[in-house]
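Asks: predicted model follows, preceded by the sequence.
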Amino acid sequence: MPRTPLDALLTERVLTQMSVHLNASFLDCLLDDNNPAITAVSGSPLPIKNVCAKVHESLSDEIDEVVGLLNLSKRAFLEAAFIEAIIKARQVIADEGLEDYLVERTAQNSVSDERQS
């Protein structure tokens, strides 16, 4: 169902205020490799890493299209996607008990190795 003009306006304003607090465009500027001010102020580069992955051309094109439509940096978009993926993965890991399983499995392997010695 399409939003009413008031709903659209309110939603836009709320989301704008939320994104201002995230300072995504400011962070993009800070993370720019061509910004020597960061090193000059802090004395060292920010502790960031470049995460690269080869993806199918059509996926790359879709990402470019979406970030273009949203006037959003690719870095901000992908960082948000990575964060959401990590949150979901950690929840599934917890829900399925993977860490407990691995601890139990390691303990069983230790006992088995001790018996063979």
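Replies: Noted; the coordinates are in hand. Numbers count the residues shown, from 1 in each chain.

Asks: on contacts alone, who are the packing partners of the strand or helix carrying residue 66?
Replies: Here residue 66 sits within helix 57-69, counting by DSSP states H and E. In terms of contacts (3 or more C-beta pairs under 8 Å, 6 or more residues apart in numbering; DSSP states H and E), helix 57-69 is packed against helix 74-96. For every residue, glycine as well, the C-beta is placed using N, CA and C.

Asks: and the helix it packs on, what does it pack against?
Replies: helix 24-31, helix 57-69.

Asks: which one of those helices has the poorest average confidence?
Replies: Ranked by mean pLDDT, the helices and strands packed on helix 74-96 end with helix 24-31 at the bottom, a mean of 63.

Asks: low-confidence ranges in this protein?
Replies: Along the chain, segments meeting pLDDT under 70 span 20-47, 117.

Asks: which parts of it belong to which domain?
Replies: 1-48, 50-117 (automatic domain parsing).

Asks: got a markdown table for those domains, with mean neighbour count too?
Replies: Shown next, in a markdown table, are the domains of the chain (neighbours: other C-beta atoms under 10 Å):
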| stretch | mean neighbour count |
| --- | --- |
| domain 1-48 | 10 |
| domain 50-117 | 11 |
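
Asks: between the helix holding residue 66 and helix 74-96, how many degrees?
Replies: 110 degrees (axes from the mean of the first three to the mean of the last three C-alpha atoms, to 10 degrees).

Asks: now helix 57-69 - C-alpha only, CSV.
Replies: Provided in CSV are the C-alpha atoms of helix 57-69 (Å, rounded to 0.1, in the frame of the first residue of the first chain):
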residue,chain,number,x,y,z
GLU,A,57,29.2,-8.9,-12.5
SER,A,58,25.4,-8.7,-12.2
LEU,A,59,25.5,-8.4,-8.4
SER,A,60,28.1,-5.7,-8.7
ASP,A,61,25.9,-3.8,-11.2
GLU,A,62,22.9,-4.2,-8.9
ILE,A,63,24.9,-2.8,-5.9
ASP,A,64,26.0,0.2,-8.1
GLU,A,65,22.4,0.8,-9.2
VAL,A,66,21.0,0.6,-5.6
VAL,A,67,23.6,2.9,-4.1
GLY,A,68,23.1,5.3,-7.0
LEU,A,69,19.4,5.4,-6.5
